[in-house]
Structure formats: structure tokens, C-alpha cells
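Colleague: Have a look; sequence and predicted model below, questions after that.
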Amino acid sequence: DAKTTQPNSMESNEEEPVHLPCNHSTISGTDYIHWYRQLPSQGPEYVIHGLTSNVNNRMASLAIAEDRKSSTLILHRATLRDAAVYYCILRDVGEYGNKLVFGAGTILRVKS
Amino acid sequence: SQTIHQWPATLVQPVGSPLSLECTVEGTSNPNLYWYRQAAGRGLQLLFYSVGIGQISSEVPQNLSASRPQDRQFILSSKKLLLSDSGFYLCAWSNKRLNTEAFFGQGTRLTVV
């Protein structure tokens, strides 16, 4: 089962920053926080991941709380192409080891 | 570079027919491999994951099976398709520790008629 909690949906205006929150209160010390997004009719696309420090890449920034129980994905200037479902994921552990399990994610709507 | 191949892109099959979807990975060794299904308007459901040849975990009760005949090959099968097997099937791979990004195939849209 997914170990993260995200809002069902969020809305943003084009060209404005977007902050997508994620709670992961049961995170362990070695769990990386992953973010993926899925555009309609496509497979998930990697966005960013991090362990403890804040991370930046060309797509987004990831701000990780000091206690690591929450994180925020930051899109600095939302465009219409950023409208997607955003998933915050931690590793899950199954019978044979680590696995990647998706929750419901946050539907991001971007208004022009 | 690391790539993942999944085919076919679309498939229409009659109820009761068999199914075989293949996924192969390049540029890595000993990956974790995954099969997901997404029904229309729903989230990604993990069907199977494998940490190695012969080590496959079925995550949900279903009409499907998975096999891993080679380290970088993952196959999803069914002997007799049901209408409820329709959906978008995705193959993916990750490393064992899940400390780097996972990679997803382009998906197969299966319609059972």
C-alpha cells in the first residue's frame, strides 16, 4: 500500500508557481522520496527524487522537511503542459524486496 | 543508455483469447521489473514485481500471470482474457534500492471485446 498522502487535486494559474505537498510520516531513514507525473494516455514520467537535502533539476525543485515526514514539489512556473497527475512515492517492501507502489496522486489543473 | 521496450502499443483481443505482453530492458543488469495496470480513469495498480529470475510476486488476485525467463525480460500472460482485463498496461524497471529513478515503457492499451 502507498505510504504517502497527497491532496486529490490542485489548481494553478499559468506562469505561477505551484507547490504540491506530500505527507510521509512513516518514512524510514533510507527511503528516497520520488516524484513522478503522468500525462493523459501516457506512462509515468520521472520528475525528481531526494533523500534529505532539497533538490533542484530542470523540471522542478523538491523541498524536504527537516524531519523528512513531508515534502513539497515545486514547479516554478506552471504551464498548460504541466497539467498531469503527480505522484509522491516511497519505496515499499514486499515478499521479495523493494517495490514501487503508486497512490492516487494529485491531479494538477493549470488554468490559462 | 538505459531503455525499456514494451510492445505492442495497442491490442484488441476477444474474450477467452490468450495474451502475451513482452517487456525488455537494456543498459542495466539485475533490475527490479514491474507490471502495472491502469483502468480508464483510475490509478496505477501494481500487478507483479520481480527482483530476479524466478522471484515474482503477484500483488493482486487476477486472471494474469507473469514470467521472467531472462534477467531483462518480463512477460505478462493470460490463458483466457476477460472483459475486465481491458486497460493500459505498463512495464517498468528500477534498481534494487530504489534510490534512483525508475523507467517506464510506453504502455500497451488492451481492449478485450
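Modeller: Here it is on my side, so go on.

Colleague: burial count for A:G50?
Modeller: By the criterion of other CB atoms under 10 Å in any protein chain shown, A:G50 has 18 neighbours. Every residue, glycine included, has its C-beta placed from N, CA and C.

Colleague: Quick check: pLDDT value at it.
Modeller: Here, the pLDDT recorded for A:G50 equals 95.

Colleague: B:R97 now?
Modeller: So, for B:R97, pLDDT stands at 88.

Colleague: how close does it get to B:V112?
Modeller: 37 Å (CB to CB, to the nearest Å).

Colleague: Could you check which of these two is surrounded by more residues?
Modeller: More crowded of B:R97 and B:V112, by other CB under 10 Å: B:V112, with 19 against 12.

Colleague: residue contacts, that one?
Modeller: Neighbouring residues of B:V112 by CB atoms under 8 Å, 6 or more residues apart in numbering or on different chains: B:V12, B:Q13, B:P14, B:V15, B:L81, B:L82, B:L83, B:S84, B:D85, B:S86.

Colleague: Repeat that for A:R81.
Modeller: A:R81 neighbours (CB under 8 Å, 6+ apart): A:L39.

Colleague: go again using 7 Å as the cut-off
Modeller: Residues near A:R81 by CB atoms under 7 Å, 6 or more residues apart in numbering or on different chains: none.

Colleague: about what we covered before: out of the contacts of B:V112, which sit inside strands?
Modeller: B:V12, B:Q13 (DSSP state E).

Colleague: Would you show me how to pick out the buried ones of the contacts of B:V112 in ChimeraX?
Modeller: Selection of buried members from the contacts of B:V112 for ChimeraX, criterion 16 or more other CB atoms under 10 Å in any protein chain shown:
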select /B:13,81,85,86
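
Colleague: Looking at the contacts of B:V112, which one is closest to A:W35?
Modeller: Lowest distance from A:W35 to the contacts of B:V112 (CB to CB) belongs to B:S86, with 28.9 Å.

Colleague: What distance do you get for the closest residue to the closest one other than its chain neighbours to A:Q42?
Modeller: Spatial nearest neighbour of B:S86, excluding adjacent residues (CB to CB, 6 or more residues apart in numbering or on different chains): B:V112 at 4.7 Å. Taking CB to CB as the measure, B:V112 falls 22 Å from A:Q42.

Colleague: Pull out the buried positions in the strand or helix carrying B:E22.
Modeller: Assigned by DSSP states H and E, B:E22 belongs to strand B:19-26. Neighbour-count burial for strand B:19-26, counted by 16+ other CB under 10 Å, picks out B:L19, B:L21, B:E22, B:C23, B:T24, B:V25.

Colleague: I appreciate the help and will end here.
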